[in-house]
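1. generate coordinates for the sequence data below:
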Amino acid sequence: MKLRNFLYSSLVIFLLFIVACSNSKKEYATMLIYGGTIYTVDSTSTNVEAVAIKKNKIIFTGKLIEAEQYKNNQTELIDLKGKTMTPGLIEGHGHFMGLGYNELNLDLMNTTSYEDIVDAVAKRVKTAKPGEWITGRGWHQSKWDSISGETVKGFQTHDMLSEVSPNNPVYLRHASGHAGFANAKAMEISGLQNLAKEGIKNYDIEGGEVIVDEFGRPTGVFNERAQSLITRHIPEKTPKTDIQAFELAVSACHKNGITSFHDAGIPKETISLYEKMKTAGKMNTRIYAMLTGWDKELLEEWYTKGPLIDTDNLLTIRSVKLNCDGALGSRGAWLLEPYTDRPDHYGHETLPMDFVKKTALDGLKNGFQVCSHAIGDRANKEILDRYELAFNDIPEKAKNHRFRIEHAQHLHPDDIPRFSELGVIPAMQAIHMSSDRPWAIDRLGEKRIKEGAYMWQALLKSGIPIVNGTDVPVEPLNPIASFYASVSRKTLKGLPEGGYEPEQKMTRAQALKSYTLDAAYGAFEEDIKGSISIGKLADFTIYSQDLMTVEENAILNTEIVMTIFDGNIVYSKKE
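-> Predicted coordinates for the structure are as follows:
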């Protein structure tokens with residue numbers, strides 16, 4: 001009997017000890033979020049009532065009553081008040097410093113006519129120093145209501161621009177970044193104004209084109225690699241303006257609910273800037289950077305030292321960006337058949353395909369993902385061919401390559417299933433369909449548009465994920481607009497009724513996943529972000545309304561009301 005009592009007492013003491021130990025080790029949340037609709041993009045539990053985080057990691061998702069156990073008097077409580085939360089949005093293809101510099105320079109994205117450009121430049125001339133370069137980006141002649149004055153090959157000429165800025169050189173990049181527009185002063189500085197006088201009727205540059213009139217005079221438009229004839233004379237950016245642009249880009253990300261950014265092609269100088277910003281504690285957006293492929297020395301340097309997988313999950317460098325053709329807007333996209341509205345022209349191969357294969361092999365050998373810009377059907381086909389050759393050459397290195405094609409905008413029908421077969425990820429910006437489709441049919445004709453342009457659902461059904469984004473500053477950094485385009489296939493004006501080629505629409509679940517978990521997969525980061533799951537990073541985007549259930553015509557009214565990055569509120573819209 002005494003032995004039984006002793007054993008019983010010992011058991012009670014042991015259990016009390018276990019409970020005391022467990023209580024002493026209990027995990028408390030630094031933030032508890034509840035009170036709204038929470039979409040996790042986690043297949044095990046797609047919706048939850050509450051999320052608890054500790055510092056920058058998620059420690060609980062589930063019912064609010066269960067989440068209460070993680071609360072103490074130090075826990076910050078976030079009541080969504082009926083609003084909607086998703087994982088932090090990931091910009092799957094953009095140009096981070098371009099976003100920042102677009103804030104500093106002339107932003108021509110919303111211009112609707114040549115006169116708008118002229119007026120913007122005339123206004124800047126009044127405050128510019130004598131001889132100071134005026135630069136900007138965002139014009140797109142195919143989106144204008146009309147083009148005034150003379151046109152050559154579908155583009156405006158420089159006369160009106162030169163008239164308002166006779167003493168300040170001007171260079172304005174096309175929205176796509178694949179063409180530029182210079183005034184007479186800029187061409188004079190570049191030594192290009194006297195082509196006709198010297199008897200030169202054309203000026204070819206490998207991978208590019210100077211648009212000239214019937215007399216051989218430059219019109220001011222420079223296509224693809226011909227842009228370097230002007231840009232090499234534009235003064236370099238300064239460390240001060242770089243920091244300004246960086247900080248403006250971070251702020252723009254926060255306002256748009258973007259917590260991670262795939263930066264599509266950066267040089268050595270930008271890598272150095274990012275490292276400095278990280279050291280200074282200013283890297284408040286997670287950047288997945290692609291090395292610019294034109295700098296062979298930079299590539300060799302990184303092949304030697306290997307990928308940078310940041311343990312702080314702020315700056316990762318493990319991919320290479322190749323620019324292999326141009327854009328549809330400037331007729332630079334490389335096509336298998338000529339342009340419908342320019343029958344003598346196939347676009348431009350802006351990078352030798354032998355170099356694409358070499359880079360693919362080097363990437364596989366050294367642990368780098370290769371991401372190739374391709375818009376035209378020939379560019380896409382040629383790149384898939386080179387990727388496939390590389391995969392076959394060293395199959396043991398190609399098991400989890402996750403190579404990408406950036407844009408994959410126009411595909412030959414035979415190449416659509418090849419993405420899934422080869423495991424090549426299409427990084428496609430849905431907003432391009434919305435803004436380009438009304439005039440893209442003039443470039444490609446109805447048959448090519450219907451069979452191979454913006455083939456989202458066909459690619460998804462083949463079994464390959466799509467990485468979504470905006471290609472900022474080609475388009476505004478607005479994920480709501482891109483989400484709307486993904487699910488509606490309409491312009492931002494709501495046209496046409498039913499959408500363009502509606503069979504290729506994404507579902508809302510697919511569109512959200514393309515901006516979160518699938519985008520994370522495209523950067524080898526699906527284990528740390530992209531869904532609201534225990535153990536993942538505490539990055540969240542909060543919206544004014546439920547974009548998953550609201551009427552389609554009301555999606556564009558959705559606002560970002562809060563952005564949480566690394567467990568901290570970095571943006572909150574003022575009521």
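2. low-confidence regions, the stretch 1-150 of the chain specifically.
-> Regions of the stretch 1-150 of the chain meeting the criterion pLDDT under 70 cover residues 1-25.
3. quick one: the helices in it, in order.
-> Assignment of helices within the stretch 1-150 of the chain using DSSP state H, counting those that start in this stretch yields the ranges 2-24, 64-67, 96-104, 114-125.
4. excluding sequence neighbours, find me the nearest residue to Val48.
-> Among residues not flanking Val48 along the chain, Thr61 sits closest, at 4.6 Å (Cβ to Cβ, 6 or more residues apart in numbering). Using the backbone N, CA and C atoms, a C-beta is placed for each residue, glycine as well.
5. that neighbour reaches Gly535, doesn't it?
-> No: the pair Thr61 / Gly535 is not scored as a contact, 10.4 Å apart, by Cβ atoms under 8 Å.
6. same drill for the two, tell me which one is more crowded.
-> Thr61 (25 against 9; other Cβ atoms under 10 Å).
7. pretty sure Tyr501 contacts Arg489?
-> Just to correct that, residue 501 is Glu rather than Tyr. Yes: with contact defined as Cβ under 8 Å, Glu501 reaches Arg489; the gap is 6.3 Å.
8. overlap in contacts, those two.
-> Tyr454 (Cβ atoms under 8 Å, 6 or more residues apart in numbering).
9. tell me which element Gly220 falls in.
-> strand 218-224 (DSSP states H and E).
10. by contact count, what packs against that strand?
-> Strand 218-224 is packed against strand 155-156, strand 179-182, helix 184-189, strand 208-212, with contacts defined by 3 or more Cβ pairs under 8 Å, 6 or more residues apart in numbering; DSSP states H and E.
11. possible to save these as JSON lines with mean pLDDT and distance to Ser148?
-> Putting the helices and strands packed on strand 218-224 into JSON lines (pLDDT from 0 to 100; distance: least, Cβ to Cβ, whole Å) gives the following:
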{"stretch": "strand 155-156", "mean pLDDT": "90", "distance to Ser148": "8"}
{"stretch": "strand 179-182", "mean pLDDT": "93", "distance to Ser148": "14"}
{"stretch": "helix 184-189", "mean pLDDT": "91", "distance to Ser148": "18"}
{"stretch": "strand 208-212", "mean pLDDT": "87", "distance to Ser148": "17"}
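12. minimum distance to Ser165: which of these has it?
-> When the helices and strands packed on strand 218-224 are compared by Cβ to Cβ, helix 184-189 sits nearest Ser165, at 6.8 Å.
13. quick one: low-confidence ranges for this protein?
-> Low-confidence segments of the chain (pLDDT under 70): 1-25, 193-204.
14. for the one residue sitting closest to the centre of it, give its distance to Glu214.
-> Central residue of the chain (Cα atoms, centre = their mean): His93, 2.1 Å from the mean position. Here His93 is placed at a distance of 39 Å from Glu214 (Cβ to Cβ, to the nearest Å).
15. what does Leu335 give?
-> In terms of Cβ to Cβ, Leu335 sits 26 Å off from Glu214.
16. ok, Pro426 next?
-> 41 Å.
17. who has more neighbours, these two?
-> The neighbour count for Pro426 versus Glu214, taken as other Cβ under 10 Å, is higher for Pro426 (25 against 7).
18. residues near Ile299, how many?
-> Residue 299: Leu, not Ile. 20.
19. ok, it - contacts?
-> Going by Cβ under 8 Å, 6+ apart, Leu299 touches Leu291, Gly293, Val320, Thr359, Asp362.
20. show me what the third one is bridged to.
-> Taking DSSP bridges, one finds Leu291, Val370 as the beta-bridge partners of Val320.
21. quick check: it touching Asn366?
-> No: judged on Cβ under 8 Å, Val320 makes no contact with Asn366 at a distance of 9.7 Å.
22. looking at those two, which one has more neighbours?
-> Neighbour totals were compared for Val320 and Asn366, and Val320 leads with 25 against 18 (other Cβ under 10 Å).
23. contacting residues for that one?
-> By Cβ under 8 Å, 6+ apart, Val320 lies in contact with Met290, Leu291, Gly293, Leu299, Thr359, Gly363, Phe368, Gln369, Val370, Cys371.
24. in a helix, the fourth one, correct?
-> Same thing as Leu299. Yes: looking at Leu299 with DSSP: H, G, I helix; E, B strand; the rest coil, it is inside a helix.
25. separation between it and Lys573?
-> Separation of Leu299 from Lys573 (Cβ to Cβ): 42 Å.
26. the third one too?
-> Between Gly293 and Lys573 the computed distance is 39 Å (Cβ to Cβ).
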